[in-house]
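**Student:** Okay, structure incoming, though there's no sequence with it:
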């Protein structure tokens, strides 16, 4: 049956000429998009998504909209020599519904029998290349030999881009919507900071986005999202700080500190960093930590 579907897939593309012009080692898919192995094996969903999105263009881990694409992924995995499961871009969104990363509905599914077993926030879709079936899995799970397959959307994702506010045209700052966090997020490379105060104004100054603030972390899911981005952008400058030096920490957006993940008790007056080796937070003196190294910070803004 699988061979029949793949044969139809090839015929479909010959007739309609939908194969994209992809650069080696990318592979053209039946939907006109390009696919490749990002060589980030064993990544969790947050990291895999971050790795794919880091490449210029509209990219993600695969979005499967029909049986042709589903069969193509089985063949692609075989050509890559992998039988290990890999991530799709479907996840349970903030409202408890399964959505693709671009907030579109799952109009085609190929769940394994009894799946999805979990439909709560923090679960994502995993693709089994041996059967072509999908299963639900904790987004933080890792699979030692699992590939990170990326898809580039050749026609762009104009509907997705419209979910977030626009910056000034000459600023080239693009916020991306997270279906899991229900926020628009922007990961900004940061050069040396002279002081905490300069860092504090960065989100408001970048792109002049109304209501843009530094991201605050209030749960494991948000923390894992940040950790996924730390794999490419370490260290992440967190916006938690102790402005009065008395051990009373605050988030820069004014929200309550109701969740922490310090690797060790932070000294009074500390700020926080996250590195690629751990999802824990590392205390650092604010002026020293933010004034002596490059890294990134994350801004948040409400969706339109």
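**Tutor:** Received, thanks. All values reported here derive from a predicted model rather than from experimental measurement. Numbering: from 1, shown residues only.

**Student:** what ranges do the strands span in the stretch 1-150 of the chain?
**Tutor:** Secondary structure of the stretch 1-150 of the chain (DSSP state E, counting those that start in this stretch): strands located at 27-28, 34-37, 59-60, 86-92, 98-100, 123-127, 134-138, 149-152.

**Student:** now do the stretch 201-304 of the chain
**Tutor:** So, for the stretch 201-304 of the chain - with DSSP E, counting those that start in this stretch - the strands run 213-214, 236-241, 250-251, 270-274, 282-285, 295-301.

**Student:** what sits against the nearest residue to residue 129 once chain neighbours are set aside?
**Tutor:** Excluding the flanking residues, the one nearest residue 129 by CB to CB, 6 or more residues apart in numbering is residue 77, at 3.3 Å. Placement of C-beta: from N, CA and C, glycine included. Residue 77 makes contacts with 83, 86, 129, 147, 149, as judged by CB atoms under 8 Å, 6 or more residues apart in numbering.

**Student:** what does residue 298 give?
**Tutor:** So residue 298 contacts 185-188, 214-215, 226, 229, 236 (CB under 8 Å, 6+ apart).

**Student:** Burial check on the closest residue in space to residue 78 that isn't next to it in sequence, number of neighbours?
**Tutor:** Using CB to CB, 6+ apart and skipping residues adjacent in sequence, the residue nearest residue 78 is residue 129, 7.0 Å away. Neighbourhood size, residue 129 [other CB atoms under 10 Å]: 21.

**Student:** Next, give phi and psi for residue 129.
**Tutor:** Backbone torsions of residue 129, given as degrees, to the nearest 10, read phi -70, psi -10.

**Student:** Hmm, residue 88 and it touching each other?
**Tutor:** No: the pair residue 129 / residue 88 is not scored as a contact, 11.4 Å apart, by CB atoms under 8 Å.

**Student:** can you give me the helices in the stretch 1-150 of the chain?
**Tutor:** 2-16, 45-54, 67-79 (DSSP state H, counting those that start in this stretch).

**Student:** Would you single out the least confident of these?
**Tutor:** Lowest mean pLDDT within the helices of the stretch 1-150 of the chain: helix 2-16, a mean of 46.

**Student:** residues near the nearest residue to residue 145 once chain neighbours are set aside, how many?
**Tutor:** Nearest in space to residue 145, with sequence neighbours left out and distances taken as CB to CB, 6+ apart, is residue 84 at 4.5 Å. By the measure other CB under 10 Å, the count of residues near residue 84 is 16.

**Student:** Residue 84 and residue 42, how far apart?
**Tutor:** Note on residue 84: its distance to residue 42, by CB to CB, to the nearest Å, is 9 Å.

**Student:** anything in contact with each of those two?
**Tutor:** 143-146.

**Student:** could you dump the strands of the stretch 1-150 of the chain to TSV with mean pLDDT and mean neighbour count?
**Tutor:** Formatted as TSV, those follow (pLDDT from 0 to 100; neighbours: other CB atoms under 10 Å):
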stretch	mean pLDDT	mean neighbour count
strand 27-28	96	18
strand 34-37	95	21
strand 59-60	92	22
strand 86-92	97	25
strand 98-100	98	20
strand 123-127	98	25
strand 134-138	98	20
strand 149-152	95	23
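
**Student:** for these, which one sits closest to residue 260?
**Tutor:** strand 134-138 (21.5 Å; CB to CB).

**Student:** now the angle from that closest one to helix 45-54?
**Tutor:** 110 degrees (axes from the mean of the first three to the mean of the last three CA atoms, to 10 degrees).

**Student:** So which elements touch strand 134-138?
**Tutor:** strand 123-127 (3 or more CB pairs under 8 Å, 6 or more residues apart in numbering; DSSP states H and E).

**Student:** Output the below-cut-off pLDDT ranges for this structure.
**Tutor:** 1-20, 56, 167-171, 191-196, 206-207, 287-293 (pLDDT under 70).

**Student:** what comes up buried for stretch 129-148?
**Tutor:** 129, 132-137, 139-140, 143, 146-148 (16 or more other CB atoms under 10 Å).

**Student:** among the residues you listed, which two are most distant?
**Tutor:** 132 and 140 (24.4 Å).

**Student:** Make TSV from the strands of the stretch 1-150 of the chain and add distance to residue 258 to it.
**Tutor:** Formatted as TSV, the strands of the stretch 1-150 of the chain follow (distance: least, CB to CB, whole Å):
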stretch	distance to residue 258
strand 27-28	45
strand 34-37	39
strand 59-60	31
strand 86-92	22
strand 98-100	27
strand 123-127	23
strand 134-138	22
strand 149-152	35
